[in-house]
Every structure is written in C-alpha cells, then in structure tokens.
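Peer 1: generate a structure from the sequence data that follows.
(chains A and B)
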Amino acid sequence: MIEYASRSRPVAREHLDVVGFLRRLDWILLLGVGAIVAYGLWAVAGITRFDVEGDENYYVVRQGIAVGLGFAGFLLALAIDPDRYRRAQKAIFGVTLVGMLLVFPLADATRGSKRWIEIGPFQFQPSEFGKLLFVLALAGFLADRARRLHEPKVVLQAIGLAAVPIALVFKQPDLGTALVYGAALVACLFVAGIRWSHLALLVGVVALLASSVVWFLPAVGVEVLEPYQAARLNFTNLEEDPGGTAYNQTQSITAVGSGGLDGRGVQGATQTRLDYLPEHHTDFVFAALAEQRGFFGAALLLGLYLLIVWRGLRVITLARDAFSAIVAGGIVIAFLFQIFVNVGMTMGIAPVTGIPLPFVTVGGSSMVMNIVAIGVLQAIHARGHLGRRRAY
Amino acid sequence: MASSYPERRSPSGRFLPPDPRTSEPYRFTPQLALRVGVLAALALIIFAILFLRLWALQVLSGDRYLNAAQNNQLRTIRVEAQRGSIVDRSGRTIVSNVPGTAVRIWTADLPDEGRYAMFKRLSVVLRVPLPRLTRALEENKGDPLTPIVVKTAVHEDQVMYLEEHRADFPGVEVTSTYLRDYEHKALAAQLLGYVGEVSPEELERLEKSKDRDIRGGEKIGKTGVEAAYDRWLRGTPGTDQLRVDSLGQPLGRFEPRRPAQSGYNIRLTLDVGLQRAAERALRDGIELARQDEQFNANGGAIVALDPRDGAILAMASNPTYKPSVYVGRADPKKLEPLVVEKVAKEWNYPGINRAIAGVYPPGSTFKPLTALAAISDGLLSPYEYIQCTPSATFGLDEHEFRNWNPYTNMPMTLSTALSQSCDTYFYDVGNRYFERGERERPYWTKMQAWAKKFGFGQPSGLDIGGDATGLLPTPAWRREAYKGIDRAWNPGDLIQMAIGQKDITVTPLQMAGFYAALANGGKLVTPYLVQAAERPAAEGEPAVPVLTFPASPAKEIGVDPAALQVVRDGLYEATHDANGTSSGVFGSFPVPVAGKTGTAEKVVNLPGYPIGHLEDQAWWCGWGPFDGNDYVNSRGGKRTPIVVCAVIENGGHGGTVAAPAALKVFEHWFREQAGAQGVVASD
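Peer 2: From the prediction side, this is the model:
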C-alpha cells in the first residue's frame, strides 16, 4: 500500500522538483551521448568538407539543426511519463502505420526506394521515427499481457502486430530498417519474458525465413528480394566482383584499412575525398571516419557506443515497470543492431543494407529520433528504482 | 488491448473488475536479470568482433589497404615516345616526325546513356565511319584503361569543334601525337616501309619474343626498315600519372613519372641524291621502253651498291606509292592499291619492293656466271673459239636454240661472246655441262653450285629482310616440281640456264651482288642498308652513334683470278667495243664502266594476252670504274666504285632501255655526263 500511496505523489512532485528530477537522470549516459553527438558532428565536418562546393559546412550545419531539434524532443520526452505511451499505444501504432503508408503516394523515389516525405524544406523519414514508435507500441501491447506471455497465442499476436509495419518498411523497399524492426521485436519479446523455447523457435523460424528469402526461394524461381538486395546480401565474394555490386564494400574496406593507426587526415583521406567511397556521409560514414581518424578515432567511437549500450542495458534493470523495461530493451537492442550491421558492413563482416549509424550518419530524421529515444531512456531512468531510492 | 494497468483480474474474484490497488508491484526479477545479462554478453561479443575486425583492417593490414587506396586514384598513362628518324648516309633526313593531333576515347569515362548518340555525332565531326568506331570499342571492351585512338592527323577545325563542345563529348580527348613525315614523298617508299597500329598477331609475337613494351593501339613498324629496326626506332614510352576521382575525372595535371625516351635515329647507307636519281632513271627507263613501243613496260627496279662492302646506295622500285597514305587513320581509298589484291594487281603491286622481292629470269646478265663456272670446272677455255651462229641444235631431238642476233656467223672467244652476248656460244657451254653430266652426274648441278657461291638461289641476307630466294633449277627440283615426262632433266635445262633463261629466276639485288663480286675481284658481299643507330643530337651537333652495324666481311668465293679477268675484260668490251651490246650507251661515258645487257623472256600474264605470253625483261648490270678503285672525276671529286643493276619489266631490250637507265645512275654518282649516245645493238 505504501507503493500505492506513493504512486500519485511523485507525479505532483515532478512538477515541483526540477533539480531533483535532473539529479535522477543518468548523467553518464547523457554525457556519453553528448560526446558521441559532438564527436559525430566533428567527424562529419571532416568527412563532408569537400562534398558541397563552396560550402564546406553544408552538412554540419544541417546536422547541427537536427541535433537542436532532437534536443527539444529530448526535453519533451523527459517530461512525458512513459506510462502515457503505454496508454496511447493504439494511437502510436496508428500514427506509425499512417506515416509509413503516406510514404508510398507522397515520397519521391530516391535511388529506387521511397523512404522520405518532404514537408517544406525538410525531408522526413517515417521509418526512422517508426523505430521508436514501433518499440513503444509493441512494448505497450506486451506489457499489458505480461502475465500471459507464456501463451503462444499472445506471442503470435505480438508478432502479427509487428509484421504489419515491418512488411510496410520492407516494401519501401528498405530491407535494412525492416531488419532493425525485426531486431527490436525480438528484443522486446525477450525482455518482456517470453519462454526460452518460444524464443528459440522464433529465432529458428526467422533464420529459416531469411535463408529461404535469400537462397531457397530464388533457387526454385521465386524472387522475393530485388536483385540489388540479393546481390548486396551476398557479401562474402568481394574478390570475385570488385567492379560490380561489391564495389562499395571493397572501397569501404579499403578506406577503413588505409586509415591505419592514426588516420590519413581530412586532406589525405583520398577514398573519401575523391568519392571512391560511396555514400560516405550516410551509410558508409564509419569507413570515412576510420579513414580520416584511424584506429584511434574509430575505436573511440566504438567505445562510446559501448558505453551507451551498457548504460541502456542498465536502464532495463532500473525500470519502474514492465513497459519501461521492454521499451528500454527495444531501444537499446535496436541501437546495438544498427551499430553492428552498419559498422560491420563497412568492414565487410555484414551485408550492405541501408542502415544508418546512430548519432553520426548525416540525416535529420535519424538524428532527431535517436536523441528522442535517449530522452525516453532518461525518462525511464529518472522514474526508475534507483532514482526513487536516491530521492527518498 | 486493455486500457487499465496492469491488466490483471483479481485473484480472488473472477468476476470482479480489476483493482489497481491489488496489483503486484513490478519487480526486477532474477529471470529478467538473466536476460539482461544475456543481452550484455551479446553486446560485448558484438563489440569485441567489431574491435578485432577494426584492428585487423587498420593496424594489421593497414599498409596493404593504404597502398590499394593510393593506387585507386592514380591512373597511369603511357606517353608516346617519339619515333626515331631515318637518315641517309650523310645524315640527311628521309623520314621524321611532325606533331599532330589525335582524338581518342577513354572507354571508362563514356556515359552510360547516350553513348550511341555521342558516337554518331563524333563520327560526323571526325568523318570516321560509325561502324569503325563501334567496332574499335567492342575490341577494347576488356581494357577500359587503354584509350582508343579514333583518328590521328585531325584537322584543326575538327579539333576546335571538339574543344568547344567538350561537354557534349564525355570521354573524348584531343591529344597530341607524332605523325610520320616523309620529306621526300614517295622516295624509297618500299624499303623504308610504313608504320601502323600494332595488330593482335604482332602483339602476340612480341609477347613471345619478350618485347613487352608495347600495348594495343600503339604504333609499330610494319615493313621495310621501319619493321626491321623497329626496336631501335620505337623508343620507350614514358608514363604519366594523373589523379582522378572515382568517375575518372582528372584532378589537376599530369605528373610525369618516367619521361618517354625517343627512339634512335637509323642511319642508312642510302644516298638520298642517288636514290632520287635512280628512281627518276627507272621512270625514264620505263618511259623509254614505251617510246620503243614496249607498251607493256610497267615497272622495274634499280639497285646500286658499293662493291667493296655491299652498302646499298640506292634501291628503286617502280611502281611506287607515298608512304604518307598510311599516316593517321588512312584513307581506305588511297590504301587500296596496297592492300586490296584486285586493285593492287591493276596498279601492278606498288607495295612490292621489286629490287629485293621481284624475281625475274636474268637473261644474258647471267652469262658471266656461266663463263666463270665453265672455266673453273674445266669445261671451257677462255681462248678457244666457238662458232657463233644464228641458231644451234642440241640434244637427241635436234632441238633448235636460236640466237638473238640472226645475222652473226663467226668464231668467238669468251670476251667477244660476252661483249656481243652470243647465245649460241653459251648454249654450247651449257650443253657441255649436260653432256658431261650424263657421264658424271655432279656436272648437272655444278653451274648451279657456282651460282650459289655467287649468291643466287638464296636470300641475299639483306638486313631489312624481305628478300626473295629466286630459283636455281636442279634435276632434284625438277623431279619435285613436275609430273610425268616433264620430270626429266633435259639438255635444254642447262643450255637455257647458260643464258639465264627457262626456270632460273633471280632478284635484282642478287644480280647486283654478283656484279659486285666481279667488280671487287671475286668476293661475295652481303648487302646492307642500315649502318648505325644514333642518338638524336641537338641542333647543329653531330649525331652520336649508339651502335654501328658493320658490313659483314666479304666472302672469298674462290674463283680463278685469271678466269675472272677474262670475264671482266669481256664485260668491258661489252660497253666499249664497237660491237658491244651497250657500247652505244657507255662508250662515251668518261668513267670506265663495264657491264652486261640482258633481255630475258618471261611468261607474263597481261590482260588481253593469251596465257603463256612472253615479255622481254630488260636488264643491265655492271660496275664502274672498271678497276674497282676510287674514281677522281673531272672536277677533282673522289668517288667510290659502284655497282648498278637495272631491270625494266616488259621493257624490251636491255641495251635500249635498262642500260640508259643505269647510265643515269652512274652519271649522278660520278658527277659526270656521257656524250651523245650511239646506236645500240643489244640482246
């Protein structure tokens, strides 16, 4: 009953005790993210210096604006009690779907895929925001059924629910983001507490599906993937086809390798500067960073990511309720997945898919969403066990 | 979905509404801790993988990738080396280079779309047929880094247009190149040869011969001196490096890495003045033959060489062509006489160097050899008399062999027989070989053996190659070449060979070599055309010889000097005695010249004539001065001895056509003029 009694009071106190609230934030996480954002901006400044003629800060300025927007969203996310998301889960789910559906009639096809909606001067990528909204909605659904998660039916329901946005993203087509959603789904189910056996089955089915999409179905003549997707997934045979589809990855590996221990600098990083490295400010930004700043620079970034993942996992343990824990788990694992696939892709140990590198890749939607997601994590942290224990 | 939190019914009452206050507080369970632990382990593994991979790429194999990255942006371009010049014996330029423009295509830089439209425009601008462009592109498919030369010697207007519309022609580059320049137009065309783009077959051959410093699209000597001395003339291409971005767009200027090394100059033994004189003499000789109603006269050759070492001073062949038709992307119409068999035949094969590759029956010019052979083999005494008659019969079938001169009937010694070119005298000698051979078979081939010693029936060993063998008929050859009854070796074979007729064929160069041996006292020289490779010198300084190609030492043939002297005397009489066959031509020439006319019947298939039609090939071969030493002309100039051999195809009588042509060469060489020419009595 003490629990219950205390339940209504902190809400009132939050409005009063801003200092107390700030003290309950995870400052290590915050500093880590701040460091990554700052480091990312600095890196992007070097990487894109020769991209736009006459304005070497073109991308940095835009990225800075996105950081500003993201910070506003971050403050907003702090102020919102996560439980509101749970209660609004249906609306969130609906907004996610509508955003993704809008892409099809509205978006210009950029490089063959429809991902962006233009609103005034801004390009808006629903699938990026969808990453967070998807996790919130799915976590709401799972948290409400926390005690029935051992039932296969509930698990299947959750998967069926998640399958809709995943299919929409896949259709854009954006295989990479669809994979992120899938990773977030598995993470949410895992943290929510589905049975290990179900998990194993799920992983098995996913593996079977993936392999059938990539290998079995094409073998019997059913092409699910676009040819370029299939070619990119086949990332192990770079040597055989250095000029073709694997060109990007070959150049990326060369860029990473040529960076050496201490990097080639902005002027000397020819892979980036002379455009051998494609998409060096978006998908292959890590390779450009590694070329310019070397092992030290790249390892520093990876270290900061490790810090964020660690603090993020810690938030799960401190969560106030199941919903918060699931949300934290989904967000952190989505981060981890993106980091691994993106960085791995630039180094030739993961397939080439259009997954952005969190906090570094040039792209407003991604940057705003990532910072807001950190805001949600902080909101969870501030309202979690540790915060309360410290406060009382 | 449930709207209340947590969605749980009261454990006590199934039908009661859920009571939030009875809800169990959320707790961080050990199960969840385990799961977070699993996730943490997963994160650690992932980051470990990423760190290790990063370490492997950047630290362990960083150098390798750095190297790869640096090679990425440097495009190495071969820089054409300037081909060496060809100069004559005193350093006068015969072939050199002029700067020219070339248009080439970098396939790597071609746009993906609109290629065909661009080619169409390019073909219109450059006036190059579109199929040729597309074919060149197709052939180059596997090698995007070697540019395709579309056209060289591009006109200035076309260059201007391309420069102005550069944006419309991506991948098309206007560059400078070297073009072969022939200062003397058609002079010595066949022996100089020409330069062209290397063919795949040649590339393969060069690859095998370890000469790998050439790539497709580059130029190579195709024939003559250009081909034989290509290694010296070609030079070594240099390399430039160009920084390019990933689209192949150049960033900045070329950075020379290795400068191109010009080829060496080749110094010939040829004398430009004499060459020009010989070519004019040859044209005049043909003209003379036509005036003499030999309307089929349509070609010929003149060889002039130094009898002491075989250095070729002039080598003319007619008809001829201008080698400049090969320069640049040649006009196919102009090339037709050289490459299309039908047209070439119509033009009487201007591409053939008749001096070395034309084979003709030698006719009477061969008689000195018959005489030398017969004396050396003991079948003839120089001073015995043989009756010279209008005709003679030999063999069991009493076959009649006619003399060219139906009005003669007198006994002759060798020198008179040579001087008046008595056929029956030499028929008799030939018959002696046959009759002796019936008892001792080697005698059937002894004359040929001597001919071989004097350089007939084998390539003369000319340094630029391409010289024909000719034919020395032997019983063995006849058995091979013929069937049935014709396989037999008959008296006529040797009787006719004695006057240089029937199956025997020689080249003008072989003939000149033979007369050189007569001139120098019985030594066989190896003719040569190239005396040195030289490094081009600065203006006004002498060229620096890099390598000299000395004459091969003359080979002593081993002919009896007395026999040689008799033959030489006979040849002097032929040009100076009252009844000498070319006395009318050379009698009044201040330089003592000795030589022999020849009128050789050859089966020539001419349009409008029956098969087997015979035409007279006019010959004259000889040397001056007679003693084989230097000659001091009337102006005090010292001139070296020279052998001249001229043949006019279908020209009729040697004395009336070939001898005057040869005289002109002598006149130019010795800077002396002959007086009025007398009447020629000639075979």
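Peer 1: contacts, neighbours, all on C-alpha from now
Peer 2: OK.
Peer 1: where does whatever residue of chain B ends up closest to chain A land in three-state SS?
Peer 2: In chain B, the residue that lies nearest chain A is residue B:66 (3.9 Å; CA to the nearest CA). Assigned by DSSP: H, G, I helix; E, B strand; the rest coil, the conformation of residue B:66 is helix.
Peer 1: for it, which non-adjacent residue is spatially closest?
Peer 2: residue A:258 (3.9 Å; CA to CA, 6 or more residues apart in numbering or on different chains).
Peer 1: what's near enough to touch that neighbour?
Peer 2: A:264, A:291, B:58, B:62, B:63, B:64, B:65, B:66, B:67, B:68, B:69 (CA atoms under 8 Å, 6 or more residues apart in numbering or on different chains).
Peer 1: residue 178: how many residues sit nearby?
Peer 2: Because you didn't say which chain, this covers chain A. By other CA atoms under 10 Å in any protein chain shown, 23 other residues sit near residue A:178.
Peer 1: was after chain B, sorry
Peer 2: So residue B:178, with other CA under 10 Å, has 20 neighbours.
Peer 1: in a strand, it, correct?
Peer 2: Yes - under three-state DSSP, residue B:178 falls within a strand.
Peer 1: need phi/psi at the spatially closest residue to it that is not a sequence neighbour.
Peer 2: Counting by CA to CA, 6+ apart, residue B:178 lies nearest to residue B:99, which is 4.7 Å off, once chain neighbours are set aside. Taking degrees, to the nearest 10, you get phi -70, psi 140 for the backbone angles of residue B:99.
Peer 1: please verify my assumption that residue B:99 contacts residue B:175.
Peer 2: No - using CA atoms under 8 Å, residue B:99 is not in contact with residue B:175; the gap is 10.4 Å.
Peer 1: centre-most residue in chain A?
Peer 2: residue A:335 (4.5 Å; CA atoms, centre = their mean).
Peer 1: measure that residue to residue A:159 for me?
Peer 2: Residue A:335 is 20 Å from residue A:159, where distance means CA to CA, to the nearest Å.
Peer 1: in the chain, which helix has the most residues?
Peer 2: With no chain named, the answer covers chain A. Among all segments of chain A classified by DSSP state H, the helix with the greatest residue count is helix A:285-318.
Peer 1: you looked at the wrong chain, it should be chain B
Peer 2: Determined from DSSP H, the single longest helix within chain B is helix B:30-55.
Peer 1: let me see the contact set for residue B:543.
Peer 2: Taking CA under 8 Å, 6+ apart as the test, what residue B:543 contacts is B:534, B:535, B:536, B:537.
Peer 1: any idea of the pLDDT on the spatially closest residue to residue B:43 that is not a sequence neighbour?
Peer 2: Counting by CA to CA, 6+ apart, residue B:43 lies nearest to residue A:336, which is 7.0 Å off, once chain neighbours are set aside. Per-residue confidence (pLDDT) for residue A:336: 95.
Peer 1: which helix or strand contains residue A:336?
Peer 2: Element membership of residue A:336 [criterion: DSSP states H and E] is helix A:322-346.
Peer 1: buried residues, that helix. List them.
Peer 2: By 16 or more other CA atoms under 10 Å in any protein chain shown, the buried positions in helix A:322-346 come out as A:322-346.
Peer 1: which strands and helices lie in contact with that helix?
Peer 2: If contacts are counted by 3 or more CA pairs under 8 Å, 6 or more residues apart in numbering or on different chains; DSSP states H and E, helix A:322-346 sits against helix A:82-87, helix A:126-144, helix A:175-192, helix A:247-259, helix A:285-318, helix A:364-382, helix B:30-55.
Peer 1: and the first one, what does it pack onto?
Peer 2: Applying 3+ CA pairs under 8 Å, 6+ apart, one finds that helix A:82-87 contacts helix A:126-144, helix A:322-346, helix A:364-382.
Peer 1: what's the answer for the second one, then?
Peer 2: Helices and strands touching helix A:126-144, by 3+ CA pairs under 8 Å, 6+ apart, are helix A:82-87, helix A:89-106, helix A:152-171, helix A:175-192, helix A:322-346, helix A:364-382.
Peer 1: which stretch among those helices approaches residue A:123 most closely?
Peer 2: The minimum distance between residue A:123 and these falls on helix A:364-382, with 7.8 Å, by CA to CA.
Peer 1: distance between that closest one and the chain's centre?
Peer 2: Put simply, helix A:364-382 sits 11 Å off its chain's centre (CA atoms, centre = their mean, to the nearest Å).
Peer 1: between that helix and helix A:126-144, how many degrees?
Peer 2: 30 degrees (axes from the mean of the first three to the mean of the last three CA atoms, to 10 degrees).
Peer 1: mind listing what the residue nearest to residue B:295 when sequence neighbours are not counted touches?
Peer 2: The shortest distance from residue B:295 to any non-neighbouring residue, by CA to CA, 6+ apart, is to residue B:289 (7.2 Å). Residue B:289 is in contact with B:295, B:297, B:651, B:652, B:656, B:657, counting by CA under 8 Å, 6+ apart.
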